[in-house]
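K.L.:
model this:
(one chain, ligands or ions: 1)
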Amino acid sequence: MPTVNEIREHFLSNAPWVDREKTVDTVKAGEPSKPVGTVAVGWMATVYDLRRAAELGCDLFVTHEPTFWEHGAPEERNRSARGGLEKTRLIEESGIAVLRCHDTWDLWPGIGIRDSWARGLGLGELVLESPDRWHAMYAIEETTLRAFAGRVLSKVQAIGADSVQVMGEASMKVSRPSVGVGCGGPGIDMIEAGSDCLICCFDGASYWSQRERFVECGAGVITVEHGTSEHWGLEALAGYVRQTWPELTVHYLDLYPRPWTVGCPDSSDSRRG
Ligand SMILES: [Fe+2]
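P.N.:
Okay, the predicted model is just below:
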């Protein structure tokens, strides 16, 4: 059986783009030398996921996003604060180790966060990617922004999202959508490269600093939640762990809370293309 640290080392040693001194991919809780037999993989170690992992007898929770709501290692500030205390108790009582797999999995070739996001959306042909691989543009048959947003919605509904938010003229033509590494982009670089529709997430692209500018620059903008954009990447990570360590029992957990929206059906009628 691999130890927590051996699993971490596997990811780091196959991710030369990650700075070992600065990475947030560290062991957040538990004993790094502990052998692992049962592992849970999930987008974020929410209290709901951790409870389920404890019920399943997991030795390790591999999470992409933070457990204690801080990006930088070692996530100390909230461990005893409201919300954090229950997680701390749960982790201590169950003995689950928590390993973050973020910087390594974001850009993992083919099945990491960015590529899984594009595949989940059915974007098809890759046209170009930024030099750092954070952003990528794809070719689709030309359609309207409204129709394309509907297509994006039909994909993300399958993973628990009930809406997507759109900015730009509904009737504008789009054929070169772009995505980023979950919440990391895409940005102005993709517009300059010819992208006419940026698929963003709320955590990564705030209104006045980014999304409004993208619209002024002529692009349509479709926005989803962070967990939506990284959901397929985490399914792929669970599959990768299963394949790499066949001796492990692997559970994919996705109990992060989905926002739900109240909309006015008439409000978008005037913009329909
Ligand atoms: Fe993320």
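
K.L.:
Show residues contacting stretch 10-25.
P.N.:
2, 8, 66, 71-73, 99-105, 107-108, 133, 244 (CB atoms under 8 Å, 6 or more residues apart in numbering). (C-beta placed from N, C-alpha, C; glycine too.)

K.L.:
Any of these buried? List them.
P.N.:
With burial judged by 16 or more other CB atoms under 10 Å, the buried subset of the contacts of stretch 10-25 is 2, 8, 66, 99-105, 107-108, 133.

K.L.:
between those residues, which is nearest the ion?
P.N.:
The shortest approach to the ion among the buried ones among the contacts of stretch 10-25 belongs to His102, at 7.0 Å (CB to the ion).

K.L.:
close enough to count as contact, the closest one and His64?
P.N.:
Yes: at 5.4 Å, His102 and His64 qualify as touching, with contact defined as CB atoms under 8 Å.

K.L.:
ok so, going back, now, which of the contacts of stretch 10-25 lie close to the ion?
P.N.:
Counting by CB under 5 Å from the ion, nothing from these sits close to the ion.

K.L.:
Neighbouring strands of the helix or strand where Tyr252 lies in the sheet, and parallel or not?
P.N.:
Following DSSP states H and E, one finds Tyr252 within strand 249-253. When pairs are called by DSSP bridges, strand 249-253 turns out to pair with strand 38-44 (parallel).

K.L.:
list the buried ones in the following helix or strand past the strand it pairs with?
P.N.:
Later in the chain than strand 38-44, the nearest helix or strand by DSSP H and E is helix 47-55. For helix 47-55, the neighbour count (16+ other CB under 10 Å) marks Asp49, Leu50, Arg51, Arg52, Ala53, Ala54 as buried.

K.L.:
re the thing from before, mark which of the contacts of stretch 10-25 are part of strands, please.
P.N.:
Leu99, Arg100 (DSSP state E).

K.L.:
got a list of what the spatially closest residue to Ser94 that is not a sequence neighbour touches?
P.N.:
Residue nearest to Ser94 in three dimensions, not counting chain neighbours: Ala54, with 3.8 Å by CB to CB, 6 or more residues apart in numbering. By CB under 8 Å, 6+ apart, the residues touching Ala54 are Leu90, Glu93, Ser94, Ile96.

K.L.:
what does Arg258 give?
P.N.:
Per CB under 8 Å, 6+ apart, neighbours of Arg258: Gly160, Ala161, Asp162, Glu225, Gly227.

K.L.:
count of neighbours near the second one?
P.N.:
Look at Ala161: counted by other CB atoms under 10 Å, it has 21 neighbours.

K.L.:
ok, it touching Thr223?
P.N.:
No: taking CB under 8 Å as the definition, Ala161 is not a contact partner of Thr223, at 11.0 Å.

K.L.:
all helices of this protein, in order?
P.N.:
With helices called from DSSP state H, the chain shows them at 4-13, 47-55, 84-94, 103-106, 113-120, 145-157, 188-192, 212-216, 226-244.
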